[in-house]
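Trainee: here you go, sequence then predicted model.
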Amino acid sequence: ETGGDYYDFIDLVALGRQKVGIAVGDVTGHGVAAALLMASARAVLRSHAVSCGANLGELLTTMNVHLARDTGEERFVTLFYGVLDGADLSLVYASAGHDPVLWLQAPGGDIEELPNTGVPLGALSDSVYRQAGPVRLHVGDVLLIGTDGIWEARNGAGERLGRDRVRDILKASAALPAADVYNRILQAVRDFRGPAPQEDDITLVVIKMKEEMPEG
């Protein structure tokens, strides 16, 4: 099977010893056409990630120009792209119409949403995007970056899981490693959906800030 969800981790050592690019995207629709469009988005992102690494708004604006030529009026791409700096625990990002990132802040457990900074890619050829941040992170903070297949999952009664339930799971899992947070959320989606069919692609990236980031 093919779909239009996308996630990526991009080595940005050329920009800094502990910098990494994090991307999560979603193309409208399903199947081969969505997968091909996302492959194009990935290629443009990776080819410009270093040259535009200091200005993520410019990076998404460049991507939008390329994708607007290919999308027509029926498809567009939502994309979150952030650069995580492990040296000072900070994040800069740009988001093209993607679902807001959930940021759980330690130790209090408050959850804040990182908002969009522009419309979906390919929707308007002359759209301009901006960079947000830096967001200052702390040890124990958790970032949850997902696609709408998570919170829009429906059970047999047609009820959606919703972002509030995901937030509750995230709060209850705050002390766990990132892999366990990831597994808990995906299991909650499966339990909630039950025998109902999966209607959309599901992609999830969970990042938890540790005391020391690895070298390189």
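Mentor: Yep, it's here. Numbering: from 1, shown residues only.
Trainee: all the helices of the chain, residue numbers only.
Mentor: 31-48, 56-71, 163-172, 178-193 (DSSP state H).
Trainee: could you export the third one as PDB, CA atoms only?
Mentor: Coordinates of each C-alpha in helix 163-172 appear next as PDB, following Å, rounded to 0.1, in the frame of the first residue of the first chain:
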ATOM      1  CA  ARG A 163      -6.700  16.000  20.300                       C
ATOM      2  CA  ASP A 164      -7.900  16.200  24.000                       C
ATOM      3  CA  ARG A 165      -7.600  12.500  24.400                       C
ATOM      4  CA  VAL A 166      -4.100  12.600  22.900                       C
ATOM      5  CA  ARG A 167      -3.100  15.400  25.200                       C
ATOM      6  CA  ASP A 168      -4.300  13.300  28.200                       C
ATOM      7  CA  ILE A 169      -2.300  10.300  27.100                       C
ATOM      8  CA  LEU A 170       0.800  12.500  26.600                       C
ATOM      9  CA  LYS A 171       0.400  14.000  30.100                       C
ATOM     10  CA  ALA A 172       0.000  10.500  31.700                       C
END
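Trainee: buried ones in it?
Mentor: Neighbour counts using 16 or more other Cβ atoms under 10 Å place 163, 165-167, 169-170 of helix 163-172 among the buried residues. Using the backbone N, CA and C atoms, a C-beta is placed for each residue, glycine as well.
Trainee: ok, the longest one next?
Mentor: For helix 31-48, burial by neighbour count (16+ other Cβ under 10 Å) applies to 34-35, 37-38, 40-42, 44-45, 48.
Trainee: wait, which of those is closest to Phe76?
Mentor: Within the buried residues of helix 31-48, proximity to Phe76 (Cβ to Cβ) peaks at Leu37, which comes in at 9.0 Å.
Trainee: pretty sure the closest one sits against Gly4.
Mentor: Yes. Contact between Leu37 and Gly4 holds when scored by Cβ atoms under 8 Å: they sit 6.7 Å apart.
Trainee: who touches both of those two?
Mentor: 27, 77 (Cβ atoms under 8 Å, 6 or more residues apart in numbering).
Trainee: what is the least confident helix or strand in the protein?
Mentor: helix 31-48 (a mean of 85; mean pLDDT, DSSP states H and E).
Trainee: what distance do you get for Ala175 to His48?
Mentor: Noted for Ala175: a distance of 38 Å to His48, by Cβ to Cβ, to the nearest Å.
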